[in-house]
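Participant: show me the folded form of this:
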Amino acid sequence: MTTLASAFTVRTAHTADLAPAEVRAIRALLDEAFDGDFSEEDFEHGLGGIHALVHDAAGRLAAHGSVIMRRVRHRERWLRVGYVEAVGVRPDARRGGLGGRVMAELERIVDRAYDAGMLSAGDEGAALYTARGWEVWPGRVCALGLDGVVHLPDEEGSTFVRTALAGSLDPAFELVFDWRDGDVL
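Facilitator: This next block holds a predicted model:
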């Protein structure tokens, strides 16, 4: 009998250590996981950091997520934030705990290497993150654009922070994310 633990392996690697075929496999998995609604900019946002890759017993990529560094101003301090990106599970491998295995690796990295952990999630992904102790940020969400701070009201209610860090962040003060092309969060 094969157990879930032995049927799947988890590996972490920096983007620089991924072979081109692995990057293509990640892209294909995300396209499949998001029903073709994962833009090139969304994909680019998930590169340049540490990836958690879950492979099945046949060696096929079954789940993925990455954590990249972002700068976020809170109060009068710029935080080094481990921002979780590109979390997806192959449709035929869903509901088996693989998203949790990806997140466990990413959370380990966030907790050891960053001032805070943050992510943005839609309704489908929110259940995974809240079950793992992430909390919806109750304050304002903004970004630093070319003309100064831009309020992002559409991102409020879908921006999450790690529970362990929630007490050190004051929702009376906004989060101001660094700007990037595509979806800012």
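Participant: what residue is smack in the middle of this structure?
Facilitator: Within the chain, the residue whose C-alpha comes closest to the C-alpha centroid is Val84; the distance, by CA atoms, centre = their mean, is 1.9 Å.
Participant: using PDB, list the CA coordinates for the helix or strand hosting that residue.
Facilitator: With secondary structure defined by DSSP states H and E, Val84 is part of strand 77-89. Taking C-alpha atoms only, strand 77-89 is exported to PDB below (Å, rounded to 0.1, in the frame of the first residue of the first chain):
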ATOM      1  CA  ARG A  77       9.400  51.100   8.300                       C
ATOM      2  CA  TRP A  78      10.000  49.100   5.100                       C
ATOM      3  CA  LEU A  79       9.500  45.400   5.800                       C
ATOM      4  CA  ARG A  80      11.200  42.600   4.000                       C
ATOM      5  CA  VAL A  81       8.100  40.500   3.200                       C
ATOM      6  CA  GLY A  82       8.100  36.900   2.000                       C
ATOM      7  CA  TYR A  83       5.200  37.100  -0.500                       C
ATOM      8  CA  VAL A  84       3.600  33.800  -1.500                       C
ATOM      9  CA  GLU A  85       2.900  33.500  -5.200                       C
ATOM     10  CA  ALA A  86       1.800  30.900  -7.800                       C
ATOM     11  CA  VAL A  87       0.300  28.300  -5.500                       C
ATOM     12  CA  GLY A  88      -1.500  25.700  -7.600                       C
ATOM     13  CA  VAL A  89      -2.300  22.000  -7.500                       C
END
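Participant: what residues does the helix or strand following it touch?
Facilitator: Under the assignment DSSP H and E, the closest C-terminal helix or strand after strand 77-89 is helix 98-113. Residues lying outside helix 98-113 but in contact with it, judged by CB atoms under 8 Å, 6 or more residues apart in numbering, are 8, 10, 12, 50, 52, 54, 62-67, 82, 84, 87, 89, 116-117, 128-129, 132, 162, 164. For glycine as for every other residue, the C-beta is placed from the backbone atoms N, C-alpha and C.
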